[in-house]
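> Below are the sequence and a predicted model for it; my questions follow.
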Amino acid sequence: MTIPTFDKRIALVTGAGSGIGRAMAVAFAAAGARVVVCDIDAGSAADTAAGIGDAALPVTADISAEDSVAALVETAISRYGRIDVLCNNAGIMDTMALPADIPPHLWERVLRVNLTGTFLVTHAVLPHMLSQGGGAIVNTASEAGIRGGAAGAAYTASKHGVVGLTRSVAWAYAKDGIRCNAILPGPTLTGIVTNTTLDPAGAARLSPVLTLGERLAQPEQMADAALFLASDAASFVNGAIVPVDGGWSAA
């Protein structure tokens with residue numbers, strides 16, 4: 001098996017200020033990559049980059065805003081000249097609200113960040129990958145991307161959309177040397193639900209399913225899966241939707 005190495009490659013990781021994104025940024029840097037550490041929170045991005053050192057470039061961006069995404073990609077290209085790996089990891093949770101109960105503004109916000117944000121960054125990076133002759137994209141979807149009862153309606157719909165986008169990009173650009181895969185994290189020890197007030201009815205309805213995934217993974221376990229999918233060891237893996245959940249989805 002080829003050992004993943006990213007010497008002289010450039011990786012852009014969104015949501016890299018904490019949790020899975022931070023673990024991804026650290027893992028790619030440890031494997032030899034230069035890493036663009038993107039987060040909406042400038043302090044968090046700077047903290048991650050400081051922990052990595054000279055191999056990291058912190059950039060503040062809101063992936064839900066097209067102008068912000070354009071500036072992010074322009075900064076990466078200006079600094080490094082190319083983007084070899086894109087990890088679309090940034091995302092937000094919903095309140096676990098069921099379809100009849102979710103406020104439309106929350107629906108729109110979650111879809112805007114999780115799905116449209118993933119599209120906007122991919123859309124901005126693809127021309128550079130096409131011009132350089134290839135690249136690897138790893139999207140962070142979720143168990144909620146293949147299940148109906150792992151999260152609230154908005155988050156579930158957004159992550160199903162990420163799965164569909166992953167397959168569409170993989171199919172469209174396979175002949176151009178661009179691979180696109182997705183990981184489906186199970187319950188992972190991150191801060192994504194911090195300061196989230198859960199909808200009581202939704203949480204009660206979902207709890208019997210959610211307890212199946214009560215064993216928490218470490219962010220580094222998600223990063224390891226992303227590292228593999230972006231590496232030459234996975235050179236013939238394209239359009240794969242990979243559960244990283246300790247067997248939760250097998251139940």
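Perfect, I can see it now. Numbers count the residues shown, from 1 in each chain.
> Gly43: what's its closest spatial neighbour, skipping adjacent residues?
Spatial nearest neighbour of Gly43, excluding adjacent residues (CB to CB, 6 or more residues apart in numbering): Gly17 at 7.7 Å. For every residue, glycine as well, the C-beta is placed using N, CA and C.
> from what I can see the one you found touches Val37, true?
Yes. With contacts counted by CB atoms under 8 Å, Gly17 reaches Val37, the gap being 7.4 Å.
> More neighbours: which of these two?
Neighbours per residue, other CB atoms under 10 Å: of Gly17 and Val37, the larger number sits with Val37, 33 against 26.
> so what secondary structure elements neighbour the helix or strand hosting that one?
Assigned by DSSP states H and E, Val37 belongs to strand 34-39. Judged by 3 or more CB pairs under 8 Å, 6 or more residues apart in numbering; DSSP states H and E, strand 34-39 is in contact with strand 10-13, helix 19-30, helix 42-52, strand 56-60, helix 66-80.
> To Leu184, which of these lies closest?
Closest approach to Leu184 among the helices and strands packed on strand 34-39 is made by helix 19-30 (11.9 Å; CB to CB).
> What mean pLDDT does stretch 225-233 get?
Per-residue pLDDT over stretch 225-233 has a mean of 97.
> Could I get the buried residue list for it?
Buried positions in stretch 225-233, judged by neighbour count with 16 or more other CB atoms under 10 Å: 225-231.
> what's the answer for stretch 47-55, then?
47-49, 52, 55.
> One more: stretch 8-21?
Under 16+ other CB under 10 Å, the buried positions of stretch 8-21 are 9-21.
> Out of those, flag the one nearest to Asp67.
Thr14 (15.6 Å).
> Give me the phi and psi for that closest one.
phi -90, psi 150 (degrees, to the nearest 10).
> Same question for Ala217.
Torsion angles, degrees, to the nearest 10, at Ala217: phi -90, psi 160.
> how near is it to Gly164?
Distance from Ala217 to Gly164, counting by CB to CB, to the nearest Å: 24 Å.
> neighbour-wise, which of these two wins?
Using other CB under 10 Å, the more surrounded residue of Ala217 and Gly164 is Ala217, with 19 against 15.
> what's the helix or strand for the nearest residue to Val242 once chain neighbours are set aside?
Leaving aside its sequence neighbours, Val242 sits nearest to Ile183 (CB to CB, 6+ apart; 5.3 Å). Using DSSP H and E, Ile183 sits within strand 178-185.
> Partner strands of that strand and their direction?
strand 135-140 (parallel), strand 241-244 (parallel) (DSSP bridges).
> For the first one, give the mean pLDDT please.
Per-residue confidence for strand 135-140 averages out to 98 on the pLDDT scale.
> Identify all contacting residues around it.
Identification of contacts with strand 135-140 by CB atoms under 8 Å, 6 or more residues apart in numbering yields 15, 20-21, 83-89, 91, 118, 122, 125, 128-129, 162, 165-166, 169, 177-183, 185, 222, 226, 229-231, 234.
> Which among those count as buried?
Applying 16+ other CB under 10 Å to the contacts of strand 135-140 flags 15, 20-21, 83-89, 91, 118, 122, 125, 128-129, 162, 165-166, 169, 178-183, 185, 222, 226, 229-231, 234 as buried.
> For the nearest residue to Ser249 once chain neighbours are set aside, name its beta-bridge partners.
Spatial nearest neighbour of Ser249, excluding adjacent residues (CB to CB, 6+ apart): Pro243 at 4.5 Å. With DSSP bridges as the criterion, Pro243 is bridged to Leu184.
> can you list the weak-confidence ranges in this structure?
For the chain, the stretches with pLDDT under 70 are 1-3, 190-196, 201-215.
> hang on, the earlier thing: please convert the buried residues of stretch 47-55 to a markdown table, extending it with distance to Ser64.
Below are the buried residues of stretch 47-55 laid out as a markdown table (distance: CB to CB, whole Å):
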| residue | distance to Ser64 |
| --- | --- |
| Asp47 | 22 |
| Thr48 | 20 |
| Ala49 | 22 |
| Ile52 | 25 |
| Ala55 | 27 |
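> Many thanks, have a good one.
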